[in-house]
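>>> Pasting the sequence and the predicted model now:
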Amino acid sequence: MLPESRSYQEICRQFRWQVPPHFNIGVEVCDRWAERDPGKLALIAVGADGGARDISYGWLRETSNRLANALRAHGVGRGDRVAILLPQAPEVAAIHIAIYKLGAVALPLAILFGPDAITYRLRNSGAKALISNAQGLAKIGDVQLGLILSIDGPGNNILDLAETLSRAAPDFTPVSTAADDPALMIYTSGTTGQPKGALHAHRVLIGHMPGIEMPFEFFPQPGDRFWTPADWAWAGGLLDCLLPSLMYGVPVVAKRFDKFDPEEAFAVMARHGVRNAFIPPTALRMLRAVPNPQGRHALKLRSVGSGGEALGAETLDWGRAALGVSINEFYGQTECNLVVGSCAAIGVVKPGAIGKTIPGHTVAVVDAEGREVPPGTVGQIAVKRPDPVMFLEYWDRPEATREKFVGDWMTTGDQGVMDDQGYFTFVGRDDDVITSAGYRIGPGEIEDCLIQHPAVALAAVVGKPDAVRTEIVKAFIVLKAGQAPSGGLADNIQAFVRTRLSAHEYPREIAFIDELPMTTTGKVIRRLLRARA
């Protein structure tokens, strides 16, 4: 934990990483607490009707033990990838814990993904097992998996999760894993081609803790209770909320939002005594539409953190006035998360900046050769290795892994500036990743999907500035001979992408053009398309 001090400089001076040789996420977030007090509250599961049920650490331990035994009986072992395609629910936490205790690798997938996105990730990862529901299983197509478990009952070559657990033993001895052993893989979007799987070690959870403790005002404090609307399939939901909270014995509120509802979000926070919340910027902007939230909902918030996009001074001012708290920004990416952040409690806050280096990390702005640039100079934000929060590698992509580094600096692809006080300001991407509603979206996967549409000859995707979402996806399309532009065709193409990839990746705007701007080597000149957008 961070040293007790009200000075950022003193905290940084005193901080030391404590990463043991052996570490297992499942043991640390569950079994350690269940051994002391099996009845201790771990999760509050909020149903669609607003009712809630309490989930204890004892339930998590027994459920995860049964699942670990069942997975092992079906041939799943150390290093095997197990996909999880489910929305926020207690079962998701237990599934993660079981996979970690087994020494396997958790592969979280967002339930909003479409068939193409899911199929690619399952095949690319070589997943050996999948745990999902009827909604998710309808999207997996003809992918061959050794084991499929469903929370919605059995089917053709599909086992019922509850029945399988009932037949499994409730005791399980966790595998002894090294801190550097693989534990988790999250796919991240790139600028070209298909997404890459960022493989993380068990130590990634330790690496996240300072980045949780500082922005969330010396988390945990007595009475803390955490919630996020972010899907637990994303790094933001899983590693910025669920796992750190369970590790520190802080209850987590679980609530599925098929579509984010700001009024309901406030009601959930008030009804269940949420004191700490990770709320992505777009959700914060939507919450601003609710008048007098503090008076109408009797909120008990102590700390709010946000990351993924720049907030802006107006949102920060609204947080203090409407929520009674300072919204602390933080920064990172799937490969190396929560390395820069703010903390108003110790005076680390500056409007327009994303914060200072989180204690324990080495972050700088560097040039193309990996040399640190002077304060006030634009360069690329980079993180120095070794670092416990840093990914191990891109799955089956050694060349992409090598290209991520310049010497010992892991490059982020984000342009930024550091001032003489150590504050970082985000300037923009130096690649083509689109930031929309907190999601980082690579154009390659969308373009691959677009050209599968029977009317599309060529396609290029860029981000267009948007007041609510930061950016929206805009597609520029060259049609095949004999096809005519129309509003109906644009709607059809949008639906084509939405159903195959996901609701956050489909192009909200489509422009039909005669030809794409290209370099002499055949690459799309995206800056010209961004200018047109």
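Here it is on my side, so go on. Numbers count the residues shown, from 1 in each chain.
>>> From now on I want contacts and neighbour counts done on CA atoms only, so please keep to that.
Fine.
>>> Please put the alpha-carbon coordinates of the lengthiest helix in the chain into PDB.
Counting residues, the longest helix in the chain under DSSP state H turns out to be helix 57-73. Provided in PDB are the C-alpha atoms of helix 57-73 (Å, rounded to 0.1, in the frame of the first residue of the first chain):
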ATOM      1  CA  TYR A  57     -16.100 -14.800   0.000                       C
ATOM      2  CA  GLY A  58     -17.100 -18.300   1.100                       C
ATOM      3  CA  TRP A  59     -19.400 -18.600  -1.900                       C
ATOM      4  CA  LEU A  60     -16.700 -17.300  -4.200                       C
ATOM      5  CA  ARG A  61     -14.200 -19.900  -2.800                       C
ATOM      6  CA  GLU A  62     -16.600 -22.900  -3.000                       C
ATOM      7  CA  THR A  63     -17.900 -22.000  -6.500                       C
ATOM      8  CA  SER A  64     -14.500 -21.300  -7.900                       C
ATOM      9  CA  ASN A  65     -13.100 -24.500  -6.300                       C
ATOM     10  CA  ARG A  66     -15.900 -26.600  -7.900                       C
ATOM     11  CA  LEU A  67     -15.300 -24.900 -11.300                       C
ATOM     12  CA  ALA A  68     -11.500 -25.400 -11.100                       C
ATOM     13  CA  ASN A  69     -12.100 -29.100 -10.400                       C
ATOM     14  CA  ALA A  70     -14.600 -29.300 -13.300                       C
ATOM     15  CA  LEU A  71     -12.200 -27.600 -15.700                       C
ATOM     16  CA  ARG A  72      -9.300 -29.800 -14.700                       C
ATOM     17  CA  ALA A  73     -11.500 -32.900 -15.200                       C
END
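>>> May I have the strands that pair with the helix or strand following it, each with its orientation?
Once the chain leaves helix 57-73, the next helix or strand it forms, by DSSP states H and E, is strand 81-85. Strand 81-85 sits in its sheet next to strand 105-109 (parallel), strand 129-132 (parallel), going by DSSP bridges.
>>> Now do strand 81-85 against helix 57-73, angle only.
130 degrees (axes from the mean of the first three to the mean of the last three CA atoms, to 10 degrees).
>>> continuing past strand 81-85, what's the next helix or strand?
Assigned by DSSP H and E, the successor of strand 81-85 is helix 90-102.
>>> packing partners for that following helix?
Here helix 90-102 touches helix 25-26, helix 57-73, strand 81-85, strand 105-109, going by 3 or more CA pairs under 8 Å, 6 or more residues apart in numbering; DSSP states H and E.
>>> Please work out which residues outside that helix touch it.
24-27, 29-30, 43, 45, 55, 60-61, 63-65, 67-68, 72, 77-78, 82, 84, 86, 105-106, 173-175, 183, 242, 254 (CA atoms under 8 Å, 6 or more residues apart in numbering).
>>> now it and strand 105-109, what's the angle there?
150 degrees.
>>> Format the strands paired with strand 81-85 as TSV; extra columns: mean pLDDT and mean neighbour count.
As requested, the strands paired with strand 81-85 are exported to TSV (pLDDT from 0 to 100; neighbours: other CA atoms under 10 Å):
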stretch	mean pLDDT	mean neighbour count
strand 105-109	98	26
strand 129-132	98	23
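>>> Out of those strands, the one nearest Glu445 is which?
Of all the strands paired with strand 81-85, it is strand 105-109 that lies closest to Glu445, at 15.6 Å by CA to CA.
>>> Using CSV, write out the CA atom coordinates for that closest one.
The C-alpha trace of strand 105-109 is given here as CSV (Å, rounded to 0.1, in the frame of the first residue of the first chain):
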residue,chain,number,x,y,z
VAL,A,105,-5.3,-18.0,-18.5
ALA,A,106,-8.5,-16.0,-18.3
LEU,A,107,-9.7,-14.5,-21.6
PRO,A,108,-12.5,-12.0,-20.9
LEU,A,109,-14.7,-11.1,-23.9
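>>> quick one: the strands in the stretch 351-500 of the chain?
Counting by DSSP state E, counting those that start in this stretch, the stretch 351-500 of the chain has strands at residues 356-357, 363-366, 379-384, 393-394, 405-406, 409-418, 424-429, 434-436, 439-441, 456-466, 470-479.
>>> Tell me the secondary structure of His208, please.
helix (DSSP: H, G, I helix; E, B strand; the rest coil).
>>> surely it meets Asp240?
Yes. Using CA atoms under 8 Å, His208 is in contact with Asp240, at 7.4 Å.
>>> out of those two, which sits in the more crowded spot?
Asp240 (26 against 22; other CA atoms under 10 Å).
>>> In this structure the more buried one contacts Pro280, no?
No. Contact criterion CA under 8 Å: Asp240 and Pro280 do not qualify, at 11.2 Å.
>>> and Pro293, how many neighbours does it have?
Neighbours of Pro293 using other CA under 10 Å come to 19.
>>> And the pLDDT for the residue lying closest to Ala110 once chain neighbours are set aside?
Closest residue in space to Ala110, ignoring its immediate chain neighbours: Ala233 at 5.2 Å, by CA to CA, 6 or more residues apart in numbering. Here the pLDDT value assigned to Ala233 is 94.
>>> from what I can see Ala233 touches Ala106, true?
No. Counting by CA under 8 Å, Ala233 sits too far from Ala106 to count as a contact (10.1 Å).
>>> Pull up the overlap in contacts between the two.
Ile84.
>>> ok, back up a step: what's the closest of the strands of the stretch 351-500 of the chain to Phe113?
Closest approach to Phe113 among the strands of the stretch 351-500 of the chain is made by strand 439-441 (12.6 Å; CA to CA).
>>> Could you pull out the buried residues of that closest one?
439-441 (16 or more other CA atoms under 10 Å).
>>> Tell me where the stretch 201-350 of the chain has helices.
Using DSSP state H, counting those that start in this stretch, the helices of the stretch 201-350 of the chain run over 204-213, 235-237, 243-247, 262-271, 281-287, 293-297, 313-318.
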